[in-house]
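Asker: next come a sequence and a model predicted from it.
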Amino acid sequence: MYFMRIRDLREDHDYTQEYVANYLIMNRSVYRRYESGRREIPVWALMKLAALYEVSTDYILGLTDNTKANA
């Protein structure tokens, strides 16, 4: 599930939920729901998270274990 990946990525980068929520220009409570799986993540937020963590959207979605998109 993607919510586990975005939590792990955030923790690996030593970011707080507040930091990521501010990056996405949203309330922390909304972002917290993404991480807990209680709310679907919108495509625009998925794309911004992929850019923040420099990984592919497929990696965040759990479709691959490769962090980078295929060239």
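Answerer: Here it is on my side, so go on. Numbers count the residues shown, from 1 in each chain.

Asker: hmm, Asn27 is touching Ala21, no?
Answerer: Yes. Assessed by Cβ atoms under 8 Å, Asn27 is found in contact with Ala21 at 6.3 Å. Every C-beta, even on glycine, is put in place using the N, C-alpha and C of the backbone.

Asker: out of the two, which sits in the busier spot?
Answerer: Between Asn27 and Ala21, Ala21 has the larger neighbour count (other Cβ atoms under 10 Å), namely 18 against 12.

Asker: so that one, which of the three states?
Answerer: helix (DSSP: H, G, I helix; E, B strand; the rest coil).

Asker: now do the contacts for it.
Answerer: Contacts of Ala21 were listed using Cβ atoms under 8 Å, 6 or more residues apart in numbering, and they are 27-28, 30-32.

Asker: try Ile6
Answerer: 34-35, 41, 49, 60.

Asker: do the same with Gly62
Answerer: 1-2, 5.

Asker: quick one on the thing from earlier: out of the contacts of Ile6, the closest to His13 would be?
Answerer: Leu49 (10.9 Å; Cβ to Cβ).

Asker: and after the host helix or strand of that closest one, which helix or strand comes next?
Answerer: Using DSSP states H and E, Leu49 maps to helix 43-53. Sequence-wise, the next helix or strand downstream of helix 43-53 (DSSP H and E) is helix 57-61.

Asker: which strand or helix spans the nearest residue to Glu35 once chain neighbours are set aside?
Answerer: Once flanking residues are discounted, Glu35 sits nearest to Arg7: 4.7 Å by Cβ to Cβ, 6 or more residues apart in numbering. If you go by DSSP H and E, Arg7 is part of helix 2-12.
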